[in-house]
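Trainee: Pasting the sequence and the predicted model now:
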Amino acid sequence: MNVINWFPGHMHKARKELIGLLPEIDLIVEVLDARLPYSSSNPLLAEVDQKQERPKPRIKLLNKVDLADPKVTEQWLIHLRKVLHWRVEPVQAQSGLGKDKLLKLCHELVPERGSLDKPLRMVIMGIPNVGKSTVINALKGKAVAKTGNEAAVTRQQQKIELAPGTFMFDTPGMLWPKLENQNSAMRLAITGAIKDTAFEYEDVAFYATEFAINHYRQAFLAHYGLDVEGELDDHGIYELIEAIGRKRGCLRGGGQVDMAKVSRLIVQEMRAHAFGPLSFETPRMMLQEEEEVARQRELKAAKKAARKQARKRR
Ligand SMILES: Nc1nc2c(ncn2[C@@H]2O[C@H](COP(=O)(O)OP(=O)(O)OP(=O)(O)O)[C@@H](O)[C@H]2O)c(=O)[nH]1
Ligand SMILES: [Mg+2]
């Protein structure tokens, strides 16, 4: 499987611009994808914030709750609020957001600001395509920021006056230079945070199908009108993808399944909510994957140290 990473030049620039902007900011609104609150948390944003003299007040929004599995969202809210003590709100920016409640919360967190001579200055940030500009439009009550269902629609900072004495900066979506956890990379690719030139649809469709079979089997198979029993190994997953290809007419000359075409179809349908609400990760999966990432990191560091020793001895 090919490793997925996507950190184009405009994100590097956006990160530098964000560091420049933060000293003038009173409150950070970080938008996460409710289907993947762990994988959509950008470590660069935490790092950028730590560079400030004092950490800024912060609200996290779990956006696109309409697409997420409500039972898993409940688990996340408990974990994020009670264990990590985050101020986090589940929202659906596309359908109005609960604008008044959110703006009230922002003002409560920075009560000394919000007048014409001392305006409340906020910034919204998060991974690409997570709904930052849609949140701003909902807060403003009209379309002032460009939105679109693909990564990297917003290319530069934009200052928007939400109301007299209340500003919010829209920023370009950002990822980070190395996606160490490739489970996260797959989830980001499936949900549209990574441009499709940076991954192979066949790899991502394999991951998506395996995930759906293990976690949302009934809804997935019902959508394609297929019936599959028991555990599926890698071979079984490929056979299932081929069966979907035949059902959907993704064929090449000679009646062979066109794997590239059916792979694109599966990813796009999962992204478009075709199998109903689903969540890609739970707090428990996050803890397990974080342990695995730490183990891999240690292993790499040990290998590097051993190579260095060997070079010295030579
Ligand atoms: N289903 C659903 N879709 C949403 C929601 N919020 C935003 N979207 C959609 O998500 C897509 C991306 O929204 P944007 O607001 O452009 O995302 P962004 O974070 O500004 O993206 P970049 O500027 O590319 O970083 C659009 O197609 C929105 O309509 C939501 O709550 N639910
Ligand atoms: Mg945007």
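Mentor: Looks like it arrived, so ask away. Ligands and ions are numbered 1, 2, ... in the order given.

Trainee: contacts, neighbours, all on C-alpha from now
Mentor: Fine.

Trainee: what's next to the worst-scoring helix or strand of the chain on mean pLDDT, contact-wise?
Mentor: When the helices and strands of the chain are scored by mean pLDDT, DSSP states H and E, helix 43-50 comes last with a mean of 78. Contact with helix 43-50 is made by 18, 19, 22, 55, 56, 126, 175, 176, as judged by C-alpha atoms under 8 Å, 6 or more residues apart in numbering.

Trainee: after it, next one along is what?
Mentor: Next in sequence after helix 43-50, counting helices and strands by DSSP states H and E, comes strand 58-63.

Trainee: In CSV, list the C-alpha atoms belonging to that following strand.
Mentor: Output of strand 58-63 as CSV, limited to C-alpha atoms (Å, rounded to 0.1, in the frame of the first residue of the first chain):
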residue,chain,number,x,y,z
ARG,A,58,-10.5,27.8,22.3
ILE,A,59,-13.8,26.1,21.2
LYS,A,60,-13.8,22.9,19.2
LEU,A,61,-16.7,22.2,16.9
LEU,A,62,-17.5,18.6,15.9
ASN,A,63,-19.0,19.5,12.5
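
Trainee: Could I get the average pLDDT for that strand?
Mentor: Mean pLDDT, strand 58-63: 95.

Trainee: That one packs against which elements?
Mentor: On a contact count with 3 or more C-alpha pairs under 8 Å, 6 or more residues apart in numbering; DSSP states H and E, strand 58-63 meets strand 27-33, strand 88-90.

Trainee: closest to ligand 2 out of the ones you listed?
Mentor: strand 27-33 (11.2 Å; C-alpha to the ion).

Trainee: picking that back up, could I get the buried residue list for the least confident helix or strand of the chain?
Mentor: Buried residues in helix 43-50, counted by 16 or more other C-alpha atoms under 10 Å: 45, 48, 49.

Trainee: Quick check: chain neighbours aside, which residue is closest to residue 177?
Mentor: Closest residue to residue 177 apart from its sequence neighbours, by C-alpha to C-alpha, 6 or more residues apart in numbering: residue 7 at 5.3 Å.

Trainee: residues contacting that neighbour?
Mentor: Contacts for residue 7 (C-alpha under 8 Å, 6+ apart) come out as 174, 175, 176, 177.

Trainee: Backbone dihedrals for it, both of them.
Mentor: Per-residue torsions, residue 7: phi -140, psi 70 (degrees, to the nearest 10).

Trainee: What separation do you get for it and ligand 2?
Mentor: 16 Å (C-alpha to the ion, to the nearest Å).

Trainee: gap between that residue and residue 195?
Mentor: Separation of residue 7 from residue 195 (C-alpha to C-alpha, to the nearest Å): 10 Å.
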